[in-house]
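# using only what follows, build the 3D model:
(chains A, B, C and D, ligands or ions: 4)
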Amino acid sequence: MSAPSATASASEPSFLVDQGPRHGLLAWLTTTDHKRIGLMYLAAMVTFFFTGATIGIFMRLVQLSSLSHMMTAQTYNALFTVHGVIMIFLFVIPGLPAVFGNFFLPLQIGARDVAFPRLNLASWYFFMAGAVLAITSLFTGGGPPDTGWTFYAPFSIKTGTNVTLAVFAAFVLGFSSMLTGVNFITTIHRMRAPGMKWFRMPLFCWSLYATAWVQILATPVLAITLVLVILERLFGIGIFDPAKGGDPLLYQHLFWIYSHPAVYIMILPAMGAITEIIPTFARRTIFGYKAIAFSSMAIAGVGSLVWGHHMFTSGMSLTGDMIFSLLTMIVAVPSAIKVFNWTATLYKGSIDFQPPLLYALTFIFLFCIGGLTGVMQGALAVNQHVHDTYFIVGHFHYVMFGGTGIAFFAALLYWFPKMFGKMYSRKVAYIAWFPIFVGFNMLYFTMLVLGLEGMPRRYYHHLPQFDTGHVVATVGSWILVSGLLILFGNFAYALFKGKKAGSNPWGGPTLEWTTASPPPQENFATIPTVTGPPYAFPVEPRP
Amino acid sequence: MTEQTKSMVEHPEESPGYGTFVAVWAALVVLTGLLVFVSHFGQKAAVWGLLTITPLKAGLVFYFFMHLKYEGPLVKGVVFVALGTLLIFFALTYADVAFR
Amino acid sequence: MGWMVEASTAARGADRVFLVSLGISVFFLVFITALMIYFVIRYSKKRHPQAENIEGNVWLEITWTVIPLMVFLSIFYYGWTNFDYTRNPPRDAMVVNVLGRQWAWSFEYPNGKVTSVLYAALGKPMRLDIRSADVIHGFFVPAFRLKMDAVPGHVNTTWFEPTRLGSYDIECTVICGVDHSYMLSKVVVVPVEEFKAWYFGGDDAPEPGKGVATAKEPEGDNSGGVKGEVPALAILRAKDCLMCHSIDGKPMVGPTLKGLYGSTETVVSGGKERAVKVDDAYLKVAIQAPEASIVKGYPPTMPPAALSPAELSQVLDYIKSLK
Amino acid sequence: MSLQASAHAEPRDDFGAKLGMWLFLVTEMILFGGLFIGYSYMRSKYPAEFHHAGSELNATIGILNTLVLLTSSLTVVLAIVSLQRGEKGKTVAFLGATLFLAALFLVDKGIEWTGEIGRGLYPNAPHLATLPPGEQVFFGLYYTMTGLHGLHVLAGMGVLGWALTRVMRGRISRDHAVVLENAGLYWHLVDVIWIFLLPLFYLAA
Ligand code: HEA
Ligand code: HEA
Ligand code: CUA
Ligand SMILES: [Cu+2]
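Ligands and ions are numbered 1, 2, ... in the order given. The predicted structure is shown next:
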C-alpha cells in the first residue's frame, strides 16, 4: 500500500476500555470519543429498528384478511404513523452517518476525532431527547398521532391525537441531524491527515460530505414547517388552515422541500458504504473514482430540486408538474452512474466472495428495483395511477429497506470486526441471506403488484379483491423476520463469543484498517501521512 | 492540517478600524430612510424598494460587519451555496404558484 | 395488462407509458444483475488470482451518463403527454362537482341531482371539479388510472371518458382520519340512453346501472323496509347518514340507530362522562350539534346535519320506529 | 493515560470554529428562508389583503426598531475591533451597549404586540376572524416571524451576555477572540433577518 504504514502499538488499550476518570455507563454517557458516540448511536438505532419492524409485522397481520378485526382502525392509523416516524426519523435518516460516519469518518481521513467532539455528544443527546419525546407522544395527550409520517395539513391540525408532541420530536431530531452535518463538513475541511487531498479521500467520506450538505441545507425547512404546525395547533395562526385563508399546498411544498432531499440523506451514505466494500473484495481499485465522487455531489444538488414529484395529484400547476417530473428524471442519472461504476469495479478483479460483498451486491439489486420503480412513478401518467397506493409503499421499502437497510447490514458486516475486534460466523451470515432475500421480495414485490391493482396505502381495511396479495406479503414478512433474527443473533453471539479479528481481516486498503481492532482511543499512534489514492492494491501485508 | 487548508486560514490580519464600521452603519441608516421614503410611492415602488434596497442592506452587513470581505473563498462559498439554495427553493415553488 | 380493467381512454395511455417504462427497467435490471453475477463467477479469486487495477474510462463514463439520460428524458416526455391529456378536459364534457368529506363522496350534477355514487355515460366525457369540505382526500378510480386530490380551499379539475360498461371502485387515497379506508364509492358506467333516462327523469327516476354489475350499496342499507318509512330513509340516505349509521343493529363508524330511542347510554361532554336517556331532546342535539356530546367509544367525527325541521321530525319518528 | 489525554487536545483551530459557525448560520438562514417562502407564497395569493393588513401595523415602531438593531450591530462589531486592539474597557462598554439596545428592541416589540393584541389582532381572536382570510394569514405570519425573530434576539442576548462575562474574566481576549467573533456573527444574522422583516410587514402598505 502506498498510503500510510502508521500503526498503533499493540500495547495501547482499545477505546472500549474506560480511560478517563469515569467508569462504566457514566464514562460512556459523557464521552466525546467519536467511536463511542458511534456505538451509542448503534445501540439506540438497533433498538428503534426492531421496535419499528415489530410494528410493521403487526400491520401485516391486520392485512391478512379483509375481515380482520385484531385492532381498531384508529390503532392501525397510529401504527403506520409511528412505524413511519420511527423508521424515517430514528433509523434510516440518522442510520449510516450517525453510526458509521461517526465511527469511521475520522479514522478514514486520519484524524483523532471530529472537529467538535462536544457538539457531537450534544447531537446524540438531542437524538435521544427526540426519541424520548416521540415515545412520549404515544402515551400522552390524545394518543398516538394518526396522520401518517407526512403530517399533512389540515388533517394534522384538526385531528385530536397528539400530533403536537410528535412533531416537536421530529423537530428535535432534525436539530440533531443538522448539528451532525455542521460537524462533518468542518471535520472534512479541517481535519484531513497530511497528504489526504480531496481526491485521496475514501468515497465513503465523499458521500458523508454530500449528505452533510443536504442535512444543513434542507433540514431547517422541515424545522420551520413543523414549528408552523405546532403554532397552528396551539394558536391557530392559520397559515395552513383553509378556513382562515391558509393553504394546505404550502404545507406540502415546505414539507417535501426537506423530505425529498431527506431520502438522499438516507441513501448517500449507504452508497458510500457500498463503494468501500466492493473494491476491498474485488481486490482492485475502484472504477471511476471521480465519477462516483461527483455523482454524490450531483445527487445532493439535483436532489434538492425534485420535491414536487410527491405532489403531482395535489393540484399543483401543470407547469410545476412538468418541471418536477423532468428534474426527477435527471436526478436518477447520477444514481445510474454509481450502479454502472460499481459493476465495472468487479470487472477483472480477483473476487473474494465474503458476506459483506454478498450483501453489497444484494443492495445493488434491490436498490435498482427501488430506483427503477421510482423512475416509473416519476413519469406523470404512471404517477397519477400509482400515487398513494401500495406501489409507492413497495418503492420506498425497496429503496429504504432494500437500499439503506441492507447497506446498513452490509456496512455492519464489513466493519464489525474493526469496531469490536471480534469476528462473526461467516457461514451463518450466508445462511441468513436466503430468508432475507426471499422474504423481502415476497413482501415488497407483492406490494408493487397490489398498488398497480389499485390498493391504496394507509388502508386499515382492504377490499376483498386484494386478499391474496396481502396474504402473500404477510407470509413474506415472516420469512424476512426469520432471516433478520438469524443475522442479528449472529452479531449478538459474536459480540460475546466471537473469535478475535485481526486489524485487517478483509485486506481493506483504507486508513481505518491500519490501526488496531478495535482502535485505540487516539485512533493512530502517530497521524499518518498519505501519499497515494485510497484504494491502492495490493495491500501491503502488515505485521 | 494539510498544506492547502493552512492557506485558507490566512486572512488579512489588519482588520479595519472603528471608522469603517461607523461609515457602514451610516450607510445602513441612510438606506433604511430611503426604503421608507420609497415605500410611500405605492405598492409597486414598495416592492421594488424591498427587492433592491433590502438585499443591499443585508449585503453590507454580511460584507463588512460579518467580515465576509476578509474571509477566504471557503466561507464565501458557504454563504453563496446557502443563498443559491434559497433562490432555487423560491424559483421552484414559483414554478407551481405562478402558473396556477 | 389482462387482469386489470382499462375502462377509460386515459387508462390505455397510462398503461402504455407504464409498460414501456417497465420494459426499459426490466432490461436494465436484468442486464446489471447478469453482469454482476457473471463477473463474480468469472473473476473469482480462484479463476482470476491477479486483479487488474483499471482506474476508469472516460468514454464509458460518458456513455453511461448520456444513454440513461436519454432514456429517462423520453420516459418523462411520454409520461407528460399522457398526463397533459387528463388535465385538459374537452369543452363539451359534463361538469360534475365532486365533494369529499369525512368520510363520503358526493356528486352534484349540473341539473342539481346529488348522488353518492357517480353515474357516467359510456363514451361521454365527464369533467370533475373536485372539492373538499374538511381535510384532504384523494379521488381515485383505479380502472380509469385517474387520481386527483380534494384539497380544501382549492378546486381541482380532471376528466375521463369511459370506454367500458360496468361498476368500478372509487377509493380515497389521502389519509383523512379513522375511516379513510371506508371512504369508498363506485363509478357506474351505463349506456347513454339509460343515463339520460335517469338524468332527465324526475326525482323518482330509477337509478341507472341496476342491470350492470351491481354497485355495492352502503352497508346497512336495507331500504326494503315498511312502506310508510321510506321517505325518512330516503333522507337518511341523501344526507349520507347511512355511510356511518346502520339501521340493523350493526355498529359502523357511528352507533347503530336501531333500538336507540329510549335506551340509556354514556356520553362524554366537556371532558366528563355522564349517562343520558335517549329522548327527542337528546336526539335533536345529537343530530344538529353532534360535537356537544360524544357517545363513549366513538370518535368525535360526525358532521352536524343540515336538516329542515320537517325532515328532522320525520327522522326522529323513524328512529323511534326502529325497535 | 494522562499523556494520551494531552495528545488528544488538537491544536486550536479558530478557522474551524468560525467555519462551523458559518455553517450553523446557514441553517438559520434557511430556517427563516422557509418562512420567507411561505410569506411570498401567501402574498402572491392575497396581494390586496396583505397591502391592507400591513397598514394596521405601527410602522414608526418598526422603523425605530430597525435603527435600534442596526446600531446594536455596530456596537458588536466595534466591540470586536476594540478587543483586537486590546482595549478591554471599551469592549465591555460596547457589549453592554449592545445588550441594552437588544433589550430596548424587545421592549419596543412588547409595546407593539400589546397594542395589536389590544385591538383584537391576534390569532384566534374573534375580531380577527371577521377579517378577510388573507388578512388573517398576514397576521399569522406576522406573529410567527416577528416572534421567532424575537426568540433569536433573546438567544443572541444570552450568547452576548455570556461572552461579556468571559471578556470581563479575561477568557476572551485578543488571542482568544473567536468566541466573541462567533457571537457577533450570530447577532448580525439576527439583524439581517430584521432588515428583511421591516419591508415585508411594516412597509407593505
Ligand atoms: C432511500 C430513500 C429513497 C430513494 C433513494 C428514492 C429514490 C427515488 N425516488 Fe422515491 N420515495 C421515497 C424514498 C426514496 N426514493 C419515499 C420514502 C417515498 C414516499 C414518501 C411518502 O409519500 O410517504 C418516495 C416517493 C417517491 C415518489 C412519489 C410517489 C408518490 O407518492 O406519488 C416519486 C415520484 O417521482 C419517487 C421517485 C424516486 C426517484 C426517481 C428516485 C431516484 O433517485 C432513483 C434512482 C435510481 C435508479 C434509477 C436505479 C439505478 C439506475 C440504473 C440501474 C440505471 C439504468 C436505468 C435506466 C436507464 C432506466 N419517489
Ligand atoms: C427504513 C424504513 C422502513 C423499514 C425497514 C420498514 C420495514 C417494514 N415495513 Fe414499513 N414503512 C416505512 C418505512 C419502513 N418500513 C414508512 C416510512 C412507511 C410509511 C408510513 C406512512 O404511511 O406514513 C411504511 C409503511 C408500511 C406499510 C404500509 C401501511 C399502509 O399504508 O397501510 C406496511 C404494510 O405492510 C409496512 C410494513 C413493513 C414491514 C412488514 C416491514 C418489515 O420489513 C420489518 C421486518 C421485520 C423485522 C425486522 C422484525 C424482526 C424482529 C422481530 C419481530 C423481533 C422483535 C424483537 C424485539 C423487539 C426484541 N410498512
Ligand atoms: Cu378521505 Cu381518505
Ligand atoms: Cu421524493
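# rest of the way, CA atoms for contacts and neighbours
Fine.
# isn't there a helix covering C:Asp84?
Yes: C:Asp84: assigned to a helix according to DSSP: H, G, I helix; E, B strand; the rest coil.
# pLDDT at it, what is it?
pLDDT, C:Asp84: 89.
# what number of residues lie near it?
Burial of C:Asp84 is recorded as 15 neighbouring residues (other Cα atoms under 10 Å in any protein chain shown).
# for it, give me its contacts.
Going by Cα atoms under 8 Å, 6 or more residues apart in numbering or on different chains, C:Asp84 touches A:Leu318.
# do the one 5 residues further on as well
For C:Pro89, the set of contacting residues under the criterion of Cα under 8 Å, 6+ apart consists of C:125, C:127, C:158-160.
# using the three-state scheme, assign it.
coil.
# ok, C:Phe140 next?
strand.
# for ligand 2, state which of the contacts of C:Pro89 is nearest.
C:Thr158 (25.0 Å; Cα to the nearest ligand atom).
# show me what counts as buried in the helix or strand where that closest one lies.
Remark: C:Thr158 resides in strand C:156-160, with elements defined by DSSP states H and E. By neighbour count with 16 or more other Cα atoms under 10 Å in any protein chain shown, strand C:156-160 contains the buried residues C:156-160.
# of the residues you listed, which pair is most distant in space?
Spatial extent of those (Cα to Cα) is set by the pair C:Asn156 and C:Phe160 at 13.8 Å.
# and the residue of chain B nearest ligand 1?
B:Leu92 (15.7 Å).
# for chain C, see how far away the residue nearest to A:Val263 when sequence neighbours are not counted is.
Of all residues beyond its chain neighbours, the one nearest A:Val263 is A:Ile93 (7.7 Å), with distances taken as Cα to Cα, 6 or more residues apart in numbering or on different chains. Distance, A:Ile93 to chain C, using Cα to the nearest Cα, to the nearest Å: 23 Å.
# quick one: classify the residue of chain B closest to ligand 1 as helix, strand or coil.
Secondary structure, three-state DSSP: B:Leu92 is helix.
# what's around it, how many residues?
With other Cα under 10 Å as criterion, B:Leu92 counts 20.
# try D:Gly161
Per other Cα under 10 Å, the neighbour tally for D:Gly161 reads 17.
# now do the helices in chain D.
With DSSP state H as the definition, chain D shows helices at residue ranges D:2-8, D:14-45, D:47-54, D:59-84, D:88-118, D:126-129, D:133-168, D:178-197.
# related to what we said a few turns ago, so which of the contacts of C:Pro89 is the closest to C:Thr173?
With Cα to Cα as the yardstick, the closest approach to C:Thr173 among the contacts of C:Pro89 comes from C:Thr158, at 15.8 Å.
# how near is that closest one to A:Phe91?
For C:Thr158, the distance to A:Phe91 equals 39 Å [Cα to Cα, to the nearest Å].
# briefly note if stretch C:49-63 comes near ligand 1.
No: using Cα under 6 Å from any ligand atom, stretch C:49-63 stays clear of ligand 1, with a minimum separation of 11.2 Å.
# any residue of the host helix or strand of A:Ser123 touching chain D?
Assigned by DSSP H and E, A:Ser123 belongs to helix A:117-139. No: Helix A:117-139 does not reach chain D (Cα under 8 Å from any Cα of the partner chain); its nearest approach is 10.6 Å.
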